[in-house]
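Undergrad: next come a sequence and a model predicted from it.
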Amino acid sequence: MTDRPDTQECQSDEDDVRLVEEIFADLESAFAEHDAAKFDERFTADVVFTAVNGARFFGWEKIHAYHSERLTGHAGGINTWYEIERITFPAPDVAVVFFRQPIVVSEHKRANVGTWVLVKRDGQWWISAGQNTGVAVAE
């Protein structure tokens with residue numbers, strides 16, 4: 001039997017962890033402000049993004065159009081934030097972020113879980129791919 005390699009734990013830099021966490025803090029504030037331009041400023045030109053409803057978007061223009069419509073037309077009264085569960089670095093310039101995103105609308109609660117891939121280019125972290133999944137929330 002072959003030993004299976006670990007791929008999630010490349011040596012990580014504390015500064016990289018902090019920078020990735022800052023991206024998610026910026027996403028939170030952009031959502032609260034309903035600012036799609038700010039929300040999308042860290043997505044790559046060739047991002048591949050799967051929304052919680054299963055819609056898949058290829059490229060920044062597509063995801064920005066989606067977020068613009070969602071944030072201006074459907075975000076009123078929504079309170080949401082990101083709870084990062086784990087950040088791994090399979091390579092020095094690749095981060096995989098596993099998170100939970102609670103969502104509260106009036107008395108209704110739900111949540112998404114996400115797995116996003118970030119890449120580091122010229123010292124900056126960028127969101128390259130994202131997968132979001134809706135989950136049931138126990139009351």
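TA: Right, received. Where do you want to start?

Undergrad: S68 contacts A36, doesn't it?
TA: Yes. Between S68 and A36 there is a contact under Cβ atoms under 8 Å: 4.1 Å. Where you see a C-beta, it was placed from the backbone N, CA and C, and this is true even at glycine.

Undergrad: of the two, which one has the most company?
TA: Neighbour count, other Cβ atoms under 10 Å: between S68 and A36, A36 has more, with 21 against 16.

Undergrad: please tell me how far the residue positioned nearest the centre of the chain sits from V20.
TA: With distances taken as Cα atoms, centre = their mean, W116 lies nearest the centre of the chain, 5.2 Å away. Going from W116 to V20 by Cβ to Cβ, to the nearest Å gives 9 Å.

Undergrad: so where do the helices sit in the chain?
TA: 14-32, 36-39, 60-73 (DSSP state H).

Undergrad: looking at the ones you listed, which is buried most?
TA: Highest mean neighbour count of the helices of the chain: helix 36-39, a mean of 18 (counted as mean count of other Cβ atoms under 10 Å).
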